[in-house]
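1. here is a sequence together with a model predicted from it:
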Amino acid sequence: MVEDNITRIHLDGKEYILIGTAHVSKHSAEQVKEVIEAEKPDAVCVELDKQRYQSITEGNKWKEMDIIQVIKEKKASLLLMNLAISSFQNRMANQFGIKAGQEMIQGIESAKETGATLVLADRNIQITFARIWGGIGLKGKALLLSQVVAGIFSKESITEEELEKMKSQDTLQAILNEFTETFPRLKKPLIDERDQYLAQKIKEAPGEKIVAVLGAAHVPGIKEEIKKEQDLAKLTSVPPKSKWPKIIGWSIPVMILAIIAYTFIANPQAGLSQTFSWILWHGGLSALGAAIALGHPLTVLTAFLAAPITSLNPVLAAGWFAGLAQAYVRRPSVKDFETLSEDVFSVKGFWKNKVSRILLIVVLSNLGSTLGTVIGGADVIRVFFENL
């Protein structure tokens, strides 16, 4: 049996066999099968959380998704991000003729075949995102989103040599590689904390011989962290939300309304000009976002009408109304859900599929409305000072 990428650890009477894999490597999947069949472990740990496990094992789950419910629960952006990351991984896997996450699938199947206990050892991906999001600041969030989108929609092919380099990374790290260099703080929640979480889950796995199927990026950290006791409750806590976004969210519309009201009293014509400016900038840019996402004319109109109103209420968003309008007039068919995982391989597919197009409409309409707040708000203030 080839021992490349395999680390053996003996600790407290238990043997841990760590297999460092590339998430889109055919060789890695074959090695996982070979090791588990030869070692016949008591437990197999895989680098998956419950959500990603269900995604891998229930490939037809998309068919059961209620897109309208997704919008109402404010999960459109999160779903779009998950689809985008899936697109990046699947595009690499497709290029080399293998299935994304094949080594994890093989770990699951081999655990069943050998009678080993399957352990989902990774931290919930939403918790990881929340801990990343809460620690990088406003500038970091903008750069993060741009880096993810750039990595996802890049059309560059990946060479075999680059694929081998990815054995030292996991999927998220591969997408955010350059960003990690710019923001070293990202490494802590993305790699270091997950090393600690994975190490503790592997250590707690039942039996005396444990095989763990891991992205190779985590193996060096786990080798050290498995010797320590980790606080899983601390590692899975989500940072409390700052009160400032809510305070700012309500302060802006109150200030804008107060400025327009004062201007109306001083100069009704100028107040009317401010009102039209606010409506046109918000409505126009939000409608433009819906149009860029190829929304139905009724959807574009909904975005235009909703944006100036929702911008004055932080708990509402123009994109939600535009997305719901699109879902009603261009309701996705079963086929759209069935082909969703394949359509998101490309930029064109994101726009073609009715499901992902609705998500794009929500995100781009909201982005347009946000720009409207900045530009329209600046114009309202300009007119106010001109009429003091």
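-> Arrived safely. Numbers count the residues shown, from 1 in each chain.
2. so Gly377 touches Ile256, yeah?
-> Yes: Gly377 is within contact range of Ile256, at 5.9 Å (criterion: Cβ atoms under 8 Å). Placement of C-beta: from N, CA and C, glycine included.
3. so what sits against both of those two?
-> Here Gly377 and Ile256 have Trp278 as joint contacts, going by Cβ atoms under 8 Å, 6 or more residues apart in numbering.
4. could you chop the chain up by domain?
-> Domain assignment for the chain, taken from automatic domain parsing, gives 6-235, 244-386.
5. could you tell me the least trusted of those?
-> The minimum mean pLDDT among those belongs to domain 6-235 (a mean of 78).
6. kindly check the end-to-end length of it for me.
-> 26 Å (Cα to Cα, to the nearest Å).
7. and Ile210, which of the three is it?
-> What DSSP: H, G, I helix; E, B strand; the rest coil gives for Ile210 is strand.
8. burial count for it?
-> Counted by other Cβ atoms under 10 Å, the residues lying close to Ile210 total 26.
9. wait, what's in contact with it?
-> By Cβ under 8 Å, 6+ apart, Ile210 lies in contact with 14-17, 41-45, 202.
10. from those, which is closest to Lys223?
-> Tyr16 (9.2 Å; Cβ to Cβ).
11. report the buried residues of the lengthiest helix in the chain.
-> The residue-count maximum for a helix in the chain (DSSP state H) belongs to helix 354-386. Across helix 354-386, burial judged by 16 or more other Cβ atoms under 10 Å covers 354-373, 375-377, 379-380, 383-384.
12. so who does the closest residue to Thr373 other than its chain neighbours touch?
-> Leaving aside its sequence neighbours, Thr373 sits nearest to Ser311 (Cβ to Cβ, 6 or more residues apart in numbering; 5.5 Å). Counting by Cβ under 8 Å, 6+ apart, Ser311 touches 253, 278, 282, 318, 369, 372-373, 376.
13. swap the cut-off to 10 Å and go again
-> If you count contacts by Cβ atoms under 10 Å, 6 or more residues apart in numbering, Ser311 has them with 252-253, 256, 278-279, 281-283, 286, 317-318, 369-370, 372-373, 376-377.
14. name the helix or strand for Glu15, please.
-> strand 14-21 (DSSP states H and E).
15. report how many residues lie close to Ile127.
-> Ile127, neighbours per other Cβ under 10 Å, totals 18.
16. these two touch, right, it and Leu190?
-> No: if you go by Cβ atoms under 10 Å, Ile127 and Leu190 don't touch, sitting 11.9 Å apart.
17. where along this structure do the strands fall?
-> 6-11, 14-21, 43-46, 117-120, 209-215 (DSSP state E).
18. figure out which of those is closest to Thr236.
-> Thr236 sits nearest to strand 117-120 of all those, at 13.3 Å, using Cβ to Cβ.
19. sort out which residues of that closest one are buried, please.
-> Per 16+ other Cβ under 10 Å, strand 117-120 contains these buried residues: 118-120.
20. from those residues, which is closest to Glu58?
-> Taking Cβ to Cβ as the measure, Glu58 lies nearest Leu120 of the buried residues of strand 117-120, at 14.0 Å.
21. right, and Ile256 touches Val383 too?
-> No: here Ile256 lies out of contact with Val383, judged by Cβ under 10 Å, at a distance of 11.5 Å.
22. overlap in contacts of the two?
-> In contact with both Ile256 and Val383: Gln274, using Cβ under 10 Å, 6+ apart.
23. returning to that earlier point: just put the buried residues of strand 117-120 in CSV and tack on distance to Ile132.
-> Shown next, in CSV, are the buried residues of strand 117-120 (distance: Cβ to Cβ, whole Å):
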residue, distance to Ile132
Leu118, 27
Val119, 24
Leu120, 20
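24. Lys72: which of the residues you listed is nearest?
-> Lowest distance from Lys72 to these (Cβ to Cβ) belongs to Leu120, with 28.7 Å.
25. is it correct that that closest one is in contact with Val46?
-> Yes: using Cβ under 10 Å, Leu120 is in contact with Val46, at 6.5 Å.
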